[in-house]
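# sequence and computational prediction follow.
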Amino acid sequence: MKFKEKLAQKLDLPSEVMGSYKITIINNIIEIENFKGILEYKEGFIKLKIGEKIASLSGETLEILEMTDEAIQIKGIIKNIRF
């Protein structure tokens with residue numbers, strides 16, 4: 001059993017909660033929770049580490065509005081999100 005699964009079991013949480021993420025899109029702003037880092041950032045393309053996954057966002061006029069240890073907000077016309 002993996003560490004995260006053991007921890008979830010000890011805390012009496014579903015194992016899916018550990019390493020999960022949340023994506024919220026409102027108008028032209030996307031907020032991603034459980035964000036771990038930026039892997040690549042160039043015009044029209046951002047690659048992020050989100051929990052255990054890697055996400056690639058592509059679109060137009062992409063701009064990072066806010067970034068914390070746990071979340072990131074990106075503004076722009078998002079045309080594609082791939083995991």
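Ah, there it is.
# now residue 45. Nearest residue, chain neighbours left out?
Counting by Cβ to Cβ, 6 or more residues apart in numbering, residue 45 lies nearest to residue 58, which is 5.2 Å off, once chain neighbours are set aside. For glycine as for every other residue, the C-beta is placed from the backbone atoms N, C-alpha and C.
# same question for residue 49.
Nearest to residue 49 is residue 36, by Cβ to Cβ, 6+ apart, at 4.1 Å.
# what helix or strand does that neighbour sit in?
If you go by DSSP states H and E, residue 36 is part of strand 35-42.
# can you give me the buried ones in that strand?
Using 16 or more other Cβ atoms under 10 Å as the test for burial, strand 35-42 gives 35-36.
# what's it in contact with?
For strand 35-42, the surrounding residues in contact (Cβ atoms under 8 Å, 6 or more residues apart in numbering) are 21, 46-51, 54, 64, 67-68, 70-72.
# ok, of these, which come out buried?
Using 16+ other Cβ under 10 Å, the buried ones in those are 21, 46-48, 50-51, 72.
# list the contacts of the residue lying closest to residue 65 once chain neighbours are set aside.
Sequence neighbours aside, residue 73 is the residue nearest to residue 65 in space, at 4.3 Å (criterion: Cβ to Cβ, 6+ apart). Residue 73 makes contact with 29-31, 64-67 under the criterion Cβ under 8 Å, 6+ apart.
# let's see if you can find the most crowded of the residues you listed.
With neighbours set by other Cβ atoms under 10 Å, the maximum within the contacts of residue 73 is found at residue 30, which has 21 neighbours.
# which SSE is it in?
According to DSSP H and E, residue 30 maps onto strand 29-33.
# who does that strand touch, helix- and strand-wise?
strand 22-26, strand 53-67, strand 71-82 (3 or more Cβ pairs under 8 Å, 6 or more residues apart in numbering; DSSP states H and E).
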